[in-house]
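Engineer: could you look at this predicted model? Sequence included:
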Amino acid sequence: MIRHAKISEITDILNITKACAKKMQENGIFQWNEHYPSEAAFVQDVERDELYVIERNGSVLGTIVISAYMDEEYVPIEWLTPNGNSTYIHRLSVDPAHQGKGMAQQLMDFAENYSKEHGFVSVRLDTFSQNHRNQRFYEQRGYQKLGDIFFPKQSEHPFHCYELVL
């Protein structure tokens, strides 16, 4: 089941993202660290009603943020659609112990359907240039790679921006 996250679940969510960061780092992917994702970011996501979780047997196993807010880092990108009517995906994560079971696909299906049902024209996101698995994941879903942005607190390497026109 996918539903809105509760503020009381942020500790569980941070445990998932920390486990994901550890697994990525073990694979040489330094995408998430002690600065990101942060508790403050998840609190804001909950307050904005933008944080969703996937739950199985009463346990939170993954997260996704679906936001209509465009971060300033995205301004220089030449998007496929005009700004102002897109959703932005952030902090997609699945507990490493439950990866490979299709939960990330389910979360993205949910986000894309949510975006369509609410009249948005596209879904936008970024993924780390060193995370080739994530790039394939989004490209197989039909996302087009458009340009690069940087998050210096996370990495010297760029993040690729992607868009799916609905």
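Structural biologist: On my side now, so go ahead.
Engineer: show me where the chain has its helices.
Structural biologist: Using DSSP state H, the helices found in the chain span residues 10-26, 39-47, 103-117, 132-140.
Engineer: quick one, which of the ones you listed gets closest to F151.
Structural biologist: Nearest to F151 among the helices of the chain is helix 39-47; the distance by Cβ to Cβ comes to 12.2 Å. No exception for glycine: its C-beta is placed from N, CA and C like everyone else's.
Engineer: and the closest one, what does it pack onto?
Structural biologist: With contacts defined as 3 or more Cβ pairs under 8 Å, 6 or more residues apart in numbering; DSSP states H and E, helix 39-47 has these neighbours: helix 10-26, strand 86-94.
Engineer: just to check, C20 is in contact with W32?
Structural biologist: Yes: in this structure, C20 is within contact of W32 by Cβ atoms under 8 Å, at 6.5 Å.
Engineer: distance of the nearest residue to T127 once chain neighbours are set aside relative to R141?
Structural biologist: Leaving aside its sequence neighbours, T127 sits nearest to N134 (Cβ to Cβ, 6 or more residues apart in numbering; 4.3 Å). Distance, N134 to R141, using Cβ to Cβ, to the nearest Å: 11 Å.
Engineer: of these two, who's got more company?
Structural biologist: A side-by-side neighbour count of N134 and R141, using other Cβ atoms under 10 Å, places N134 first with 21 against 14.
Engineer: what's the pLDDT at the more buried one?
Structural biologist: Here, the pLDDT recorded for N134 equals 96.
Engineer: number the chain from 643, please
Structural biologist: Okay, using 643 as the starting number, the last item reads as N776.
Engineer: re earlier: deepest of the helices and strands packed on helix 681-689, which one?
Structural biologist: Highest mean neighbour count of the helices and strands packed on helix 681-689: strand 728-736, a mean of 22 (counted as mean count of other Cβ atoms under 10 Å).
Engineer: roughly how far apart are the residue located most distally from the centre of the chain and H740?
Structural biologist: Taking Cα atoms, centre = their mean as the measure, the residue most remote from the mean C-alpha position of the chain is N699, 23.1 Å away. Counting by Cβ to Cβ, the gap from N699 to H740 is 11 Å.
Engineer: low-confidence ranges, this structure, go.
Structural biologist: By pLDDT under 70, the chain contains no weakly predicted segment.
Engineer: if you set the cut-off to 90 instead, what comes out?
Structural biologist: Low-confidence segments of the chain, defined by pLDDT under 90: 675-677, 793-797.
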